[in-house]
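Peer 1: Turn this into a model:
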Amino acid sequence: MDPTLLLVATIILIALAFDFINGFHDAANSIATVVSTRVLTPGQAVAWAAFFNFVAAFSFGTGVAKTIGKGMINLEYVTPYVILAGLIGAIAWDLLTWWMGLPTSSSHALMGGYAGAAMAHVAVVKGFRNSFDAILTSGWTMTLIFIVIAPLIGLVLAYFLMIAVYWIFRNATPKRMDVWFRRAQLVSAAMLSWSHGTNDAQKTMGIITGVLVTAGYMKTFSVPVWVILSAHAAIALGTLSGGWRIVHTMGGRLTRLKPRSGFCAETAAACSILLATHLHLPVSTTHVTAGAITGVGSIQRLKAVRWGVAANILWAWVLTIPASAVAGWLCMLAFSALLGK
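Peer 2: Just a heads-up that it's a prediction; the model follows:
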């Protein structure tokens with residue numbers, strides 16, 4: 001078999017493995033609230049989420065994939081080994097934080113790992129001072145801004161949705177409200193899973209298409225249909241596998257949720273993620289959801305949110321891109337040493 005084809009096939013399989021890990025790592029985003037409010041059992045919830053992760057395949061085009069694949073890293077300095085090193089760095093960070101039960105962002109890990117590997121390649125070829133030649137500043141600016149804004153949109157929208165719910169149902173008893181919102185939460189959970197699928201699966205599409213272009217198998221950056229279907233199938237299968245450590249953190253430890261607050265958190269998070277997808281921006285579905293959950297928790301009183309848990313999530317959020325970039329950098333240096341270049 002052609003060595004280049006073998007390398008490309010290996011990278012595609014690892015990219016799909018990352019997508020699978022993304023599914024079970026980020027499954028908590030779309031099912032934590034619906035499980036914690038006991039609207040669905042854990043088994044029912046992951047099946048529900050996986051279905052909507054998959055049907056999101058053709059919802060919002062491939063704008064996010066293009067941002068990840070060619071909008072943030074200069075393809076002039078990208079080789080199949082750069083993409084492989086970036087993927088390994090992202091997977092290593094994802095597995096470490098999953099084991100620790102921290103709801104970090106697979107999206108941030110992928111961006112960081114890819115950037116770190118590309119910068120390491122430039123450092124080897126052109127010298128350390130030129131490392132940032134690999135980075136397309138224009139592609140990172142809006143992405144980094146939205147990394148901060150998207151969770152805040154989720155938080156604020158969830159807060160005002162809770163106010164609207166309390167005002168609309170001001171004459172209803174809490175028991176009657178919960179009966180209604182248990183049904184409504186099925187819709188909001190589906191909407192959140194759908195938004196998660198359409199944003200997160202596109203990131204893997206961008207990586208796979210990028211390796212096809214850099215290896216010379218495609219002339220232009222255009223995501224093939226088989227790549228779209230493969231990415232969504234992988235993330236859906238990953239979601240089916242669960243991710244219970246993070247479900248516990250997101251659904252129970254951050255704040256206490258009821259069906260009405262779960263509905264507001266899911267709806268707010270989904271709207272924020274869909275806005276980012278419409279703008280072709282990759283965002284952290286994990287942190288958007290955490291922001292929305294914090295928003296519904298803080299409406300009662302600030303003490304209703306366990307700020308110690310929120311602080312741990314924030315630190316993991318801040319560290320993910322640099323930590324995965326370091327992991328990607330080290331992997332690329334290892335490959336360079338093994339290949340003698």
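
Peer 1: Residue 170 in helix, strand or coil?
Peer 2: Assigned by DSSP: H, G, I helix; E, B strand; the rest coil, the conformation of residue 170 is coil.

Peer 1: Tally up the residues packed near it, please.
Peer 2: 7 (other CB atoms under 10 Å). Where C-beta positions appear, they are placed from N, C-alpha and C, glycine not excepted.

Peer 1: and what of residue 12?
Peer 2: 18.

Peer 1: Check which helix or strand it maps to.
Peer 2: Assigned by DSSP states H and E, residue 12 belongs to helix 3-36.

Peer 1: what is the mean pLDDT for that helix?
Peer 2: For helix 3-36, mean pLDDT rounds to 80.

Peer 1: same question, stretch 76-87
Peer 2: 92.

Peer 1: Buried residues in it, which are they?
Peer 2: Buried residues in stretch 76-87, counted by 16 or more other CB atoms under 10 Å: 77-87.

Peer 1: Same question for stretch 326-340.
Peer 2: 326-333, 335-336.

Peer 1: cool, stretch 146-154 as well?
Peer 2: 146-147, 149-151, 153-154.

Peer 1: Out of the buried residues of stretch 326-340, name the ones that lie in helices.
Peer 2: Secondary structure from DSSP state H places 326-333, 335-336 of the buried residues of stretch 326-340 in helices.

Peer 1: For residue 216, state which of those is nearest.
Peer 2: Lowest distance from residue 216 to those (CB to CB) belongs to residue 335, with 19.2 Å.

Peer 1: Just want the phi and psi numbers for residue 135.
Peer 2: With angles defined as degrees, to the nearest 10, residue 135 sits at phi -90, psi 130.

Peer 1: Correct me if wrong: it contacts residue 73.
Peer 2: Yes - applying CB atoms under 8 Å, one finds residue 135 in contact with residue 73, separated by 6.9 Å.

Peer 1: So for the two, which residue has more residues nearby?
Peer 2: Using other CB under 10 Å as the criterion, residue 135 and residue 73 rank with residue 73 on top: 25 against 17.

Peer 1: Identify the residue nearest that one in space, chain neighbours excluded?
Peer 2: residue 118 (4.9 Å; CB to CB, 6 or more residues apart in numbering).

Peer 1: Check the gap between that neighbour and residue 143 for me.
Peer 2: 15 Å (CB to CB, to the nearest Å).

Peer 1: And for residue 258?
Peer 2: 34 Å.

Peer 1: Tell me the gap between stretch 128-148 and the middle of its chain.
Peer 2: 18 Å (CA atoms, centre = their mean, to the nearest Å).

Peer 1: Give the next helix or strand downstream of the worst-scoring helix or strand of the chain on mean pLDDT.
Peer 2: None of the helices or strands of the chain scores lower by mean pLDDT, DSSP states H and E than helix 244-248, at a mean of 49. Later in the chain than helix 244-248, the nearest helix or strand by DSSP H and E is helix 259-278.

Peer 1: between that following helix and helix 3-36, what angle do the directions make?
Peer 2: Helix 259-278 runs at 150 degrees relative to helix 3-36, counting by axes from the mean of the first three to the mean of the last three CA atoms, to 10 degrees.

Peer 1: tell me what helix 259-278 is packed against?
Peer 2: helix 3-36, helix 137-168, helix 174-214, helix 285-298 (3 or more CB pairs under 8 Å, 6 or more residues apart in numbering; DSSP states H and E).

Peer 1: what element comes up after the longest one heading to the C-terminus?
Peer 2: Following the chain from helix 174-214 toward its C-terminal end, the next helix or strand by DSSP H and E is helix 225-240.

Peer 1: same check, this time on the first one
Peer 2: The helix or strand immediately downstream of helix 3-36 is helix 42-55, counting by DSSP H and E.

Peer 1: Please report the average pLDDT across that next one, rounded to a whole number.
Peer 2: Rounded mean pLDDT across helix 42-55 is 82.

Peer 1: Which neighbouring elements make contact with that helix?
Peer 2: So helix 42-55, by 3+ CB pairs under 8 Å, 6+ apart, packs with helix 3-36, helix 174-214, helix 225-240.

Peer 1: Please identify the buried residues of the last one?
Peer 2: If you call a residue buried by 16+ other CB under 10 Å, then helix 225-240 has these buried ones: 227-228, 230-240.

Peer 1: Take those residues and write them to TSV, including pLDDT and distance to residue 49.
Peer 2: Below are those laid out as TSV (pLDDT from 0 to 100; distance: CB to CB, whole Å):
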residue	pLDDT	distance to residue 49
227	95	22
228	94	19
230	94	19
231	93	16
232	92	13
233	92	14
234	92	14
235	89	10
236	87	8
237	87	12
238	84	10
239	80	5
240	78	8
